[in-house]
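based on what follows, work out the 3D shape:
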Amino acid sequence: MESLREVRFLAGLSDPNICKVLGVCTAEQPPWTIIEYGEMGDLAQYLQFIASKNETIRSSAVHPLNVGCLVYMATQIASGMKYLETKHVVHKDLAARNCLVGRGYVIKVADIAISKVQYRKDYAEIGGRPPAPIRWLPWESILLVIYFIR
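Below is the predicted model of the structure:
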C-alpha cells in the first residue's frame with residue numbers, strides 16, 4: 001500500500017523541525033498515522049488566537065509576538081524544509097495550517113491539515129488523485145502531476 005510505504009519513509013526522517021511519526025494504526029482503513037503533539041496547535045490556529053486574544057493589542061502597534069519571535073518561527077520552518085530537500089522530499093502543502101507549534105515557539109513542519117474538518121475547503125480532488133491544495137499548486141502540478149524539490 002502506497003500510504004504505508006510513505007509513512008515508513010516519513011518515520012525515518014529525523015530533524016528538530018519536522019514532525020515525528022510515532023506510529024501507525026492499520027486496524028482501520030485508511031490507516032491512522034500517530035504523530036507528535038503540538039501543545040499550541042497548528043500555526044494558523046495559533047496566530048488567529050493571538051490576533052483575537054486582545055482587541056486592544058490587535059488595534060495598537062504592540063503585538064504579543066514580536067518580530068524576533070516571528071523570524072525565529074520562520075527560520076525553523078525554512079530549516080525543516082531544507083532538511084526535506086536534502087532527503088528529496090516534496091512537501092506539496094507548506095502552509096501555516098501544516099506547522100505545529102510547541103512550547104517555546106518550537107515549530108515542526110507536518111502534513112496534518114487535510115485531516116482537519118476546518119481545512120477541508122482548502123482541498124480539492126483532481127482526476128481521481130488524492131485531495132490537494134488547488135489554490136496554491138503550480139499549474140504543472142495540477143495538470144501534469146510534476147513536482148520539484150525546490
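
okay, strands next: where are they in the protein?
21-25, 32-35, 99-101, 107-109 (DSSP state E).

what residue ranges in the protein score low on pLDDT?
Low-confidence segments of the chain (pLDDT under 70): 1-2, 54-64, 112-124, 129-150.

okay, the strands of the chain in a markdown table with mean neighbour count and distance to Gly128 next?
Every C-beta, even on glycine, is put in place using the N, C-alpha and C of the backbone. Shown next, in a markdown table, are the strands of the chain (neighbours: other CB atoms under 10 Å; distance: least, CB to CB, whole Å):
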| stretch | mean neighbour count | distance to Gly128 |
| --- | --- | --- |
| strand 21-25 | 13 | 24 |
| strand 32-35 | 16 | 22 |
| strand 99-101 | 23 | 29 |
| strand 107-109 | 24 | 27 |
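
what sits against Leu4?
Contacts for Leu4 were tallied using CB atoms under 8 Å, 6 or more residues apart in numbering; they are 24, 26, 31.

now it: how far from Cys99?
For Leu4, the distance to Cys99 equals 25 Å [CB to CB, to the nearest Å].
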